[in-house]
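Undergrad: what follows is a protein structure lacking sequence information:
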C-alpha cells in the first residue's frame with residue numbers, strides 16, 4: 001500500500017543524482033549513454049530474452065530450498081469521465097486510465113553510470129507483462145493513447161499506462177431513481193498465475209485514487225463520481241486460487257433534470273385536481289375538467305416512457321409516485337361523478353315539487369270558482385276542500401325534504417372526500433419522501 005511513497009522517494013533520489021550526472025554530461029555523452037544503456041539491457045539482441053522475462057522464471061536457483069514468495073503486480077485505475085450509464089442493459093461505460101507496474105530485477109542499472117538516465121522506454125512486446133484482465137468487462141476499446149511501450153525504471157520496475165474506453169457490467173438498484181447512488185465494481189484478476197506466483201496489489205490507496213480521479217474528471221454530465229474503494233478478494237478457476245483486486249466506483253445521479261421534467265409537472269397535476277374541488281361550477285364541468293386533466297397526465301407519462309427505468313428488482317419509487325397520483329385522480333373523477341349524480345337527482349326532485357305545486361294551485365282556483373257559482377254546494381264541500389289542501393301541502397313538504405336530502409348527502413360526501421383526499425395526499429407524499437431520502 002505504501003509502495004507509491006517508496007517509489008516517490010526513489011524518484012526524488014534518482015532525480016537528484018541524475019540532475020548532477022546530466023550536468024556533468026554533454027549532449028554527445030548523453031546520446032552515447034543511451035546507446036550504452038540500450039546494449040546493457042540487451043535490447044540490441046533478438047535472442048537475448050532471459051533478462052527481459054519474468055525474473056521468477058529464470059532467476060530461481062533450484063539448489064536453494066528457500067520458499068519463493070509470490071511476486072507483486074501493482075495496478076491502479078483512474079476514472080476520467082463517465083460517458084454512458086445504461087440502466088436497461090445494466091452497463092457502465094467509462095473513460096479510465098490504468099497503470100500497471102511490476103518488478104523485474106534483471107532490468108536494473110546504475111543511473112550515475114549512464115549520465116543520470118533513470119527511465120527508459122522500450123517496446124512492450126519484447127518484455128513479459130502480466131495478463132491482467134477485467135472480470136466485468138463487456139467491451140474494451142483503446143482510447144487516444146494506446147500503450148505500445150513499457151517504461152523501465154533503473155531500480156528494476158516496469159510500468160505501463162493505458163487510456164481505455166471501458167464498458168463493464170454493473171448491477172444497478174433503481175429503487176430510488178432519480179435520487180439513486182450506484183456502486184459498480186471493476187475487478188482485476190490474472191487467469192494464468194495462481195496466488196502462489198502472483199499477487200495483485202493497489203499502487204495507491206483509495207483516498208488518493210479518488211482524489212486523482214476527481215482531478216482528472218473531464219465530463220461531469222448526469223453522473224457524479226463520489227468515491228473509489230479498494231478491496232482484495234480471491235477466485236477459484238480450475239481448482240486454482242487466483243488473486244483479485246476490486247475497485248468499487250461509487251457514482252451518484254444528478255436529479256435536477258428529472259425533478260424539473262417529471263416530478264414537478266406530475267405534482268402540479270395533483271394540485272390542480274385538488275383545486276377543482278373549490279371551483280364554483282356545475283358537476284358536469286368539473287367532470288370534464290378532471291377527465292381532461294387525467295388525459296393530459298397520461299400523455300405526459302407516455303412522453304417519458306423511455307426515460308423512466310424499466311429494469312429493477314423492485315418497483316422504482318418514481319413509478320409508485322406516478323401510478324399513485326394517476327389512481328388518486330381517477331378516484332377523484334369517480335367521486336365527482338357520484339356527487340354530480342346526487343345533485344342532479346335532487347334538482348329533478350325539486351323541479352317535480354314546483355310543478356306539482358303549480359298544478360295544485362290551479363286546481364284549487366278552479367274549485368273555488370265552481371264553489372262561488374253554487375253557494376249551497378260550497379257549504380257542504382268546504383270540509384273536503386280543506387282536507388285536499390292540507391294533503392297537497394303535506395305531499396309538497398315531503399317531496400321538498402326528499403330533494404333537500406339528496407343535495408345534503410351530495411355535499412356531505414363531497415366535503416368528506418375532500419378531507420380524506422388531502423389526508424391521503426399528505427401521507428402518500430410523506431412516505432415517498434421518507435423512502436427517497438432515508
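TA: Received, thanks. All figures in this text were calculated on a predicted structure; none of them were measured in a lab.
Undergrad: show the pLDDT at the residue minimising distance to the centre of the chain.
TA: In the chain, the centroid-proximal residue (CA atoms, centre = their mean) is residue 180; its distance is 4.3 Å. The model reports residue 180 with a pLDDT of 90.
Undergrad: for it, phi and psi?
TA: Here is the backbone geometry of residue 180 (degrees, to the nearest 10): phi -100, psi 160.
Undergrad: surely residue 147 meets residue 159?
TA: No - contact between residue 147 and residue 159 fails when scored by CB atoms under 8 Å: they sit 9.9 Å apart. C-beta here means a position set from N, CA and C on the backbone, and glycine is covered the same way.
Undergrad: roughly how far does the residue nearest to the centre of the chain sit from residue 249?
TA: In this view, residue 180 and residue 249 are 14 Å apart by CB to CB, to the nearest Å.
Undergrad: nearest residue to residue 328 in space, please, no chain neighbours.
TA: Of all residues not flanking residue 328 in the chain, residue 424 sits nearest, at 6.9 Å (CB to CB, 6 or more residues apart in numbering).
Undergrad: same deal with residue 326?
TA: Closest residue in space to residue 326, ignoring its immediate chain neighbours: residue 297 at 6.3 Å, by CB to CB, 6+ apart.
Undergrad: about what we covered before: just to be sure, the residue nearest to residue 328 is in a helix?
TA: Yes - judged by DSSP: H, G, I helix; E, B strand; the rest coil, residue 424 forms part of a helix.
Undergrad: neighbours around it, how many?
TA: Look at residue 424: counted by other CB atoms under 10 Å, it has 14 neighbours.
Undergrad: and the gap between it and residue 276?
TA: Residue 424 is 16 Å from residue 276, where distance means CB to CB.
Undergrad: next: residue 222.
TA: With distances taken as CB to CB, residue 222 is found 36 Å from residue 276.
Undergrad: likewise residue 179?
TA: 30 Å.
Undergrad: show me where the protein has strands.
TA: For the chain, strands defined by DSSP state E occupy the ranges 71-86, 91-103, 119-123, 132-134, 137-142, 149-153, 157-169, 181-190, 198-202, 223-237, 240-253.
Undergrad: need the mean per-residue confidence for the shortest one.
TA: For strand 132-134, mean pLDDT rounds to 86.
Undergrad: with the first one instead?
TA: Averaging pLDDT along strand 71-86 gives 88.
Undergrad: show me what it is packed up against.
TA: If you count contacts as 3 or more CB pairs under 8 Å, 6 or more residues apart in numbering; DSSP states H and E, strand 71-86 packs onto strand 91-103, strand 157-169, strand 181-190, strand 198-202, helix 206-216, strand 223-237, strand 240-253.
Undergrad: out of those, the one nearest residue 175 is which?
TA: Of all those, the one in closest proximity to residue 175, counting by CB to CB, is strand 181-190 (10.9 Å).
Undergrad: between strand 223-237 and that closest one, find me the angle.
TA: 40 degrees (axes from the mean of the first three to the mean of the last three CA atoms, to 10 degrees).
Undergrad: partners of strand 181-190 in the sheet?
TA: For strand 181-190, the paired strands and their directions (DSSP bridges) are strand 132-134 (antiparallel), strand 240-253 (antiparallel).
Undergrad: mind listing what's buried along the longest one?
TA: Pointing back at strand 240-253 there. Neighbour-count burial for strand 240-253 flags 242-247, 249, 251, 253 (criterion: 16 or more other CB atoms under 10 Å).
Undergrad: same check on stretch 314-327?
TA: 316-322, 324-326.
Undergrad: work out the gap between it and the centre of the chain.
TA: Centroid separation between stretch 314-327 and its chain, computed with CA atoms, centre = their mean, to the nearest Å, is 16 Å.
Undergrad: which residues touch that stretch?
TA: 173-178, 258, 262-263, 266-267, 269-270, 294, 297-298, 301, 308-309, 428, 432, 435-436 (CB atoms under 8 Å, 6 or more residues apart in numbering).
Undergrad: rewinding a little: surely the residue nearest to the centre of the chain meets residue 223?
TA: No - Residue 180 lies out of contact with residue 223 (CB under 8 Å); the separation is 10.4 Å.
Undergrad: hey, what's in contact with both of these two?
TA: Common neighbours of residue 180 and residue 223, using CB under 8 Å, 6+ apart, are 252-253.
Undergrad: now residue 192: closest residue in space, sequence neighbours ignored.
TA: Using CB to CB, 6+ apart and skipping the chain neighbours, the partner closest in space to residue 192 is residue 131 (5.3 Å).
Undergrad: what's the spacing between that neighbour and residue 123?
TA: Distance, residue 131 to residue 123, using CB to CB: 18 Å.
Undergrad: also residue 32?
TA: 22 Å.
Undergrad: identify the bridge partners of the closest residue to residue 120 other than its chain neighbours.
TA: Residue nearest to residue 120 in three dimensions, not counting chain neighbours: residue 152, with 4.4 Å by CB to CB, 6+ apart. Counting by DSSP bridges, residue 152 is bridged to residue 120, residue 158.
Undergrad: likewise for residue 169?
TA: Going by DSSP bridges, residue 169 forms beta bridges with residue 91.
Undergrad: ok, now residue 164?
TA: Judged by DSSP bridges, the bridge partners of residue 164 are residue 96, residue 142.
Undergrad: wait, it sits on residue 100?
TA: No - using CB under 8 Å, residue 164 is not in contact with residue 100; the gap is 11.8 Å.
Undergrad: now residue 25. Nearest residue, chain neighbours left out?
TA: Excluding the flanking residues, the one nearest residue 25 by CB to CB, 6+ apart is residue 115, at 3.9 Å.
Undergrad: measure the one you found to residue 183 for me?
TA: Note on residue 115: its distance to residue 183, by CB to CB, is 49 Å.
Undergrad: how is this structure carved up into domains?
TA: Here the chain is described, according to automatic domain parsing, as comprising the domains 3-254, 258-436.
Undergrad: which residues touch the residue lying closest to residue 203 once chain neighbours are set aside?
TA: Distances taken as CB to CB, 6+ apart place residue 76 nearest to residue 203, at 3.7 Å, with adjacent residues excluded. Residue 76 makes contact with 98-99, 202-204, 209 under the criterion CB under 8 Å, 6+ apart.
Undergrad: mind putting those into TSV with neighbour count and distance to residue 193?
TA: Shown next, in TSV, are these (neighbours: other CB atoms under 10 Å; distance: CB to CB, whole Å):
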residue	neighbour count	distance to residue 193
98	19	19
99	16	20
202	21	18
203	20	19
204	22	23
209	22	24
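Undergrad: turn these into JSON lines, including pLDDT and distance to residue 196.
TA: Formatted as JSON lines, those follow (pLDDT from 0 to 100; distance: CB to CB, whole Å):
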{"residue": "98", "pLDDT": "90", "distance to residue 196": "25"}
{"residue": "99", "pLDDT": "91", "distance to residue 196": "25"}
{"residue": "202", "pLDDT": "90", "distance to residue 196": "20"}
{"residue": "203", "pLDDT": "87", "distance to residue 196": "22"}
{"residue": "204", "pLDDT": "86", "distance to residue 196": "26"}
{"residue": "209", "pLDDT": "84", "distance to residue 196": "27"}
